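**Student:** predicted model, plus sequence, below.
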Amino acid sequence: MTDLRFSVVVPMYDEEENVDALVDELSEVLPPLGDFEAIIVDDGSTDRTAEFLQRRASGLPWLRVVSLAQNRGQSTAVCAGFDHVRADIVLTMDGDMQNDAHDFQKLLEGLETADVVSGIRAKRRDTWVRRMSSKIANGVRNWISGDHVVDSASGIKGFRMEVVRRLPRFHGMHRFMPTLARMVGAKVVEVEVNHRERAAGTAKYGVMNRAFHAFVDLCGVRWLKKRMIHYEVRKEPAKSPRRPPLAPVG
């Protein structure tokens, strides 16, 4: 690792209309927080997202762009960003500008005593249908997983990289990262964050195009949680029973 205080990872897919707004906000918000880098992952966009990102990155030494050859989904894009992180702390946010980078200060403060800090979108600026479907999904997720997370699918989070390296990787993992972190022994806390209306571009997720896969993934998380290997090492080794000396041969 380097002397960077933190890294930021942002996945983007077909968000050409939000590239400039995102980079401008990061340019304003991040420098006062300490030495940093930002890694924006273009998840095989079909529009000009990658082109616009490369153009902006050419004049910003702190910004790196990772372009995936094909669209692989949000979990893969986030993991690709993790693989390029050079700091001990990584912050994530979505690339649609609904998350607010000003909340990174809260995440950094939370990481002083926790391993993972997850944002709660207390006042979501989404449609009624999206808000209700998310509320139901969170309830089902907590019931089946046996965990309690207020807003598991929130995109704005902070992690210690030692935890990130231990997370099991699979498609859809981004929906369960607080639970997965607890499964590997991490301390997870949640903090309220700002949430904004989408000002440009179109949503990539709907209610129907994610419900089935999310439920299957959730069942997998439940199975994995029950099958995780946990053990404790004794502080003092157990005393071995004394054996009688061997009789001489011959």
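**Tutor:** Arrived safely, thanks for sending.

**Student:** okay, helices next: where are they in the chain?
**Tutor:** 19-29, 49-57, 74-82, 104-110, 128-145, 161-164, 177-183, 208-227 (DSSP state H).

**Student:** lowest average confidence across the ones you listed, which one?
**Tutor:** Note on the helices of the chain: helix 128-145 shows the lowest mean pLDDT, a mean of 60.

**Student:** circling back: of the helices of the chain, which is nearest Leu63?
**Tutor:** Proximity to Leu63, assessed across the helices of the chain by Cβ to Cβ, is greatest for helix 49-57 (4.5 Å). Any C-beta I mention is one placed from the backbone N, CA and C, and that applies to glycine too.

**Student:** in the sheet, who's paired with the residue lying closest to Val188 once chain neighbours are set aside?
**Tutor:** Counting by Cβ to Cβ, 6 or more residues apart in numbering, Val188 lies nearest to Val116, which is 4.4 Å off, once chain neighbours are set aside. Note on Val116: beta-bridge partners by DSSP bridges are Phe159, Val188.

**Student:** I figured Val116 hits Phe159, correct?
**Tutor:** Yes: assessed by Cβ atoms under 8 Å, Val116 is found in contact with Phe159 at 5.3 Å.

**Student:** and for those two, which residues touch both?
**Tutor:** Common neighbours of Val116 and Phe159 are listed as 177, 181 (criterion: Cβ atoms under 8 Å, 6 or more residues apart in numbering).

**Student:** among the two, which residue is more densely surrounded?
**Tutor:** Using other Cβ atoms under 10 Å as the criterion, Val116 and Phe159 rank with Phe159 on top: 30 against 24.

**Student:** the more buried one against Ala87, yeah?
**Tutor:** No: contact criterion Cβ under 8 Å: Phe159 and Ala87 do not qualify, at 10.6 Å.

**Student:** what's the distance between the closest residue to Val189 other than its chain neighbours and Arg182?
**Tutor:** Counting by Cβ to Cβ, 6+ apart, Ala114 is the residue found nearest to Val189 once chain neighbours are left out, at 4.5 Å. Here the criterion is Cβ to Cβ, to the nearest Å. By it, Ala114 lies 11 Å from Arg182.

**Student:** same thing with Glu51?
**Tutor:** For Glu51, the distance to Arg182 (Cβ to Cβ) stands at 40 Å.

**Student:** more neighbours, the two?
**Tutor:** Shown here are Glu51 and Arg182; by other Cβ under 10 Å, Arg182 has more neighbours (19 against 13).
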